[in-house]
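Undergrad: Below are the sequence and a predicted model for it; my questions follow.
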2 protein chains.
Amino acid sequence: MCNRLHIRGESMVTIRDVAKKAGVSVATVSRVLNNKGYSHEDTRKLVNEAIKELNYKPNEVARSLFKKKSRLIGLLLPDIRNPFFPELARGVEDEMQEQGLHLIIGNADEKPEKEIDYIQTFKQNNVIGIISATNQAETELYEDLSFPVVFLDRITKSHPSVYADGLDGGKKAAHEIIRRGSKRIALLRGPIELRTAQDRFKGAVDELCNANVDFQVITSSFSFHDAEKMAKTLFEKFPETDGIIASNDLSAAAILHEALRIGRSIPDDLQIIGYDDIPLSKLLFPPLSTIRQPAYDMGREAAKLLIKIIGKQPLVQKNIQMPVTFIERQTTRKVE
Amino acid sequence: MCNRLHIRGESMVTIRDVAKKAGVSVATVSRVLNNKGYSHEDTRKLVNEAIKELNYKPNEVARSLFKKKSRLIGLLLPDIRNPFFPELARGVEDEMQEQGLHLIIGNADEKPEKEIDYIQTFKQNNVIGIISATNQAETELYEDLSFPVVFLDRITKSHPSVYADGLDGGKKAAHEIIRRGSKRIALLRGPIELRTAQDRFKGAVDELCNANVDFQVITSSFSFHDAEKMAKTLFEKFPETDGIIASNDLSAAAILHEALRIGRSIPDDLQIIGYDDIPLSKLLFPPLSTIRQPAYDMGREAAKLLIKIIGKQPLVQKNIQMPVTFIERQTTRKVE
DNA sequence: ACTATATGTGTAACCGGTTACACATTAGAG
DNA sequence: CTCTAATGTGTAACCGGTTACACATATAGT
């Protein structure tokens, strides 16, 4: 029974308790709290002491209700299982934390309903901005929001965005694989609705067309599940392929796996280039050559951009394109 | 200028607007909204029409402020980059969505400060429960909360939890590798502070002690980064090792990779067993034999358990242990 | 016909903050 | 020594919901 003295949820100290303890009005406490309006040095000290003694923490919900603004940022990912996105998320998260903002992550799972649901949740909780990396950049979902949206790893005319240079990425991938001697190349094309995927594709096509090689195009999604099936049919239909440009590392992993299974020799007989450079790529065997997108940095940039917009700071540029690099590992042959 | 007619953020329809339109009081609208107290059939129809016409969505923040309860559930992950956790998250997410609850995911990044920060955010936003898979299950962080907490993939006396049978998992791993003829086994031990990791370890040790094999213990974390380094030193220090029981699939991948790099033949010369069965395990080459934890189902169970607790339903059991299975792939040898 | 109870609705207080405004008091300018 | 402006503080309304309570009407029981 003694324990009952210490009622749990003691955190229910309100601003009025603080006001009473400090012998001032709630308005004064609020002013001190927010460094707003006038307040006397001595009063401030009094209030701050009371706050400390009572271990007072302002109720964010009450704040949020009045101001119609919270300290929350929503981050929407299309597929939390694709390791590329957690990496983006880490970047966003670190930047937000440094700014004293809180992140809530939603996983849309590539389903528009889930995405709608999360946007609704974000709205209803008065987030002050959203960073979205989903596949619905072009829909109306993001049209009539009262807070800014930044797209990440996505391109759209209607909103600011941060993405990597897909044209160059595709170009580089094709260039490197051609340079290393592949003659009959399979080019994987990611989801058609994704500008970033299409840019990669176009970049690669350009380069392939200018070279003296054969190539075929295979359309595939970005997901795990499809990748495996796609890998199997790829080798059945085009057994003579000697170079593969994958649409992302996940597909590349599935292809690499299948290639080894059927006894192809990598990279001597078949070269593979991935895209993204997810952490696991270097743990594959042979380690995967790939086009690296600076995921973590992209996340950070997106966060910075969003914060600038929220703070109504003038923007140098609405769209930030980041460079990609070819990471040479061992699914491609060496050149001098 | 015409566009200005359509003011963005039109979503600011309040309950009073609805009341006015329907010709009733706000209390009535509220009652209809929540199916609480009495309301006449006809009135309900009126109100619902008004709601639809105005496209009214109740303000969750206002609700939350009064009731001190939201529809939010917090999910805290220790490391979003380890693919095991996104898988857990998917299970939690699906179950919550079916129950009309919203999930906000936090990534503690194995840093207690971040974890504290997220718990604070969760509290301040009136979540009605937390599911936590972090490494701090034993700290006071989760002590004085006014809402229930369920631990996931973690064991603790103080809270309900859902986890897989680590003892059995460790036992199975050891059993299978011994049975397949490894004689000098390296046993990886995960973070000491994690009961689940220790259970696996103990289970394996038990089994190893009862068999006629040599073994050594190597302590390692669960993270990517450490795994690579650890793999290198492992083979330097114990080149004669012919079987490795990894503490998770990430470590196993790193080890597999390193083993192939230095020319060991898998599984003939060296067998490897992982733990978790993350999606990428079967994409490795050779595909990784491992102990499967039913991550998605564990997530779902944890969600169900939490929902029961929130609903004050009687619990059949506070701690749910799920079974693990040996997934035979190709880093272990075949037996008849 | 006459209560007792069930049904239906509105008024106003409340949740815990923020802030417009009114009212002092003090400082500075002429 | 005024007069104005700057400083400091409190009162009360407000954000958008919920709900205790009062009141009115309908239904049922005897």
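TA: Now that the structure is in, tell me what you want to look at.

Undergrad: Now the most centrally placed residue in chain A. Nearest residue, chain neighbours left out?
TA: Centroid-nearest residue in chain A, with Cα atoms, centre = their mean: residue A:88, separated by 3.7 Å. By the measure of Cβ to Cβ, 6 or more residues apart in numbering or on different chains, the closest residue to residue A:88 outside its immediate chain neighbours is residue A:299, 4.3 Å from it. For every residue, glycine as well, the C-beta is placed using N, CA and C.

Undergrad: so who does the one you found touch?
TA: Residue A:299 makes contacts with A:87-95, A:152, as judged by Cβ atoms under 8 Å, 6 or more residues apart in numbering or on different chains.

Undergrad: Could I get the full set of strands for the stretch 51-200 of chain A?
TA: Applying DSSP state E, counting those that start in this stretch to the stretch 51-200 of chain A gives strands spanning A:72-77, A:102-107, A:129-132, A:149-152, A:161-164, A:184-189.

Undergrad: in the stretch 101-250 of chain A, what residue is nearest DNA strand C?
TA: Closest approach between the stretch 101-250 of chain A and DNA strand C, counting by Cβ to the nearest atom of the strand: residue A:126, at 12.2 Å.

Undergrad: Low-confidence regions, chain A specifically.
TA: Low-confidence segments of chain A (pLDDT under 70): A:1-11, A:137.

Undergrad: quick one, what contacts the residue of the stretch 101-250 of chain A closest to DNA strand C?
TA: Here residue A:126 is in contact with A:64, A:68-70, A:72, B:61 (criterion: Cβ under 8 Å, 6+ apart).

Undergrad: Quick check: ChimeraX command selecting the buried ones in those residues.
TA: A single ChimeraX command selects the buried members of the contacts of residue A:126 (16 or more other Cβ atoms under 10 Å in any protein chain shown):
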select /A:64,70,72 /B:61
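
Undergrad: Turn the contacts of residue A:126 into JSON lines, columns for distance to residue B:77.
TA: Output for the contacts of residue A:126, formatted as JSON lines (distance: Cβ to Cβ, whole Å):
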{"residue": "A:64", "distance to residue B:77": "25"}
{"residue": "A:68", "distance to residue B:77": "30"}
{"residue": "A:69", "distance to residue B:77": "27"}
{"residue": "A:70", "distance to residue B:77": "22"}
{"residue": "A:72", "distance to residue B:77": "18"}
{"residue": "B:61", "distance to residue B:77": "26"}
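
Undergrad: Let's see which of the contacts of residue A:126 end up in helices.
TA: A:64, B:61 (DSSP state H).

Undergrad: What count of nearby residues applies to residue A:116?
TA: 14 (other Cβ atoms under 10 Å in any protein chain shown).

Undergrad: right, and residue A:235 touches residue A:258 too?
TA: Yes. In this structure residue A:235 lies within contact range of residue A:258 using Cβ atoms under 8 Å: 6.2 Å.

Undergrad: Residue A:17: neighbouring residues, count only.
TA: 16.

Undergrad: any idea whether it is helix, strand or coil?
TA: helix (DSSP: H, G, I helix; E, B strand; the rest coil).

Undergrad: go on, the one 10 residues further on?
TA: Taking three-state DSSP as the rule, one finds residue A:27 in the helix state.

Undergrad: re the thing from before, among the contacts of residue A:126, which are in reach of DNA strand D?
TA: residue A:68 (Cβ under 7 Å from any atom of the strand).

Undergrad: so the helix or strand hosting residue A:216 versus strand A:184-189, what angle?
TA: In this structure, residue A:216 is located in strand A:214-219 according to DSSP states H and E. Going by axes from the mean of the first three to the mean of the last three Cα atoms, to 10 degrees, strand A:214-219 is angled at 20 degrees with respect to strand A:184-189.

Undergrad: Specify the residue ranges that define each domain of chain A.
TA: Segmentation of chain A into domains, based on automatic domain parsing, reads A:2-56, A:68-164+A:296-322, A:166-294.

Undergrad: any idea how far the spatially closest residue to residue A:183 that is not a sequence neighbour is from residue A:305?
TA: Spatial nearest neighbour of residue A:183, chain neighbours left out: residue A:213 (5.3 Å); criterion: Cβ to Cβ, 6+ apart. Per Cβ to Cβ, to the nearest Å, residue A:213 is found 39 Å from residue A:305.

Undergrad: Helices of chain A, residue ranges please.
TA: A:15-22, A:26-34, A:41-54, A:60-67, A:84-98, A:112-124, A:166-179, A:195-209, A:224-237, A:249-261, A:295-310.

Undergrad: Of those, flag the one that's most buried.
TA: Of all the helices of chain A, helix A:249-261 has the most neighbours on average by mean count of other Cβ atoms under 10 Å in any protein chain shown, namely a mean of 25.

Undergrad: Just give me how far that one sits from the chain centre.
TA: Relative to the centre of its chain, helix A:249-261 is centred 24 Å away, using Cα atoms, centre = their mean, to the nearest Å.

Undergrad: Output the contacting helices and strands for it.
TA: Here helix A:249-261 touches helix A:224-237, strand A:271-276, going by 3 or more Cβ pairs under 8 Å, 6 or more residues apart in numbering or on different chains; DSSP states H and E.

Undergrad: List of residues touching that helix?
TA: A:82-84, A:188, A:220, A:222-224, A:227-228, A:230-232, A:234-235, A:244, A:246, A:266, A:270, A:272-278, A:280-281, A:284, A:286, A:288, A:290, A:331, B:280, B:282-285, B:287.

Undergrad: Next, the contact list for residue A:331, please.
TA: A:252, A:256, A:266-267, A:271-274, A:286-289 are the contacts of residue A:331 under Cβ under 8 Å, 6+ apart.

Undergrad: so which of the helices and strands packed on helix A:249-261 gets nearest residue B:33?
TA: helix A:224-237 (40.6 Å; Cβ to Cβ).

Undergrad: Send over that closest one as CSV, restricted to the C-alpha atoms.
TA: The C-alpha coordinates for helix A:224-237 follow below in CSV (Å, rounded to 0.1, in the frame of the first residue of the first chain):
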residue,chain,number,x,y,z
PHE,A,224,12.5,-9.6,-53.3
HIS,A,225,9.9,-12.0,-54.3
ASP,A,226,9.8,-11.0,-58.0
ALA,A,227,13.5,-10.9,-58.3
GLU,A,228,13.9,-14.6,-57.7
LYS,A,229,11.4,-15.6,-60.3
MET,A,230,12.7,-13.1,-62.8
ALA,A,231,16.2,-14.5,-62.4
LYS,A,232,15.1,-18.0,-63.3
THR,A,233,13.2,-17.0,-66.4
LEU,A,234,16.0,-14.7,-67.5
PHE,A,235,18.5,-17.5,-67.8
GLU,A,236,16.0,-19.8,-69.4
LYS,A,237,15.0,-17.4,-72.1
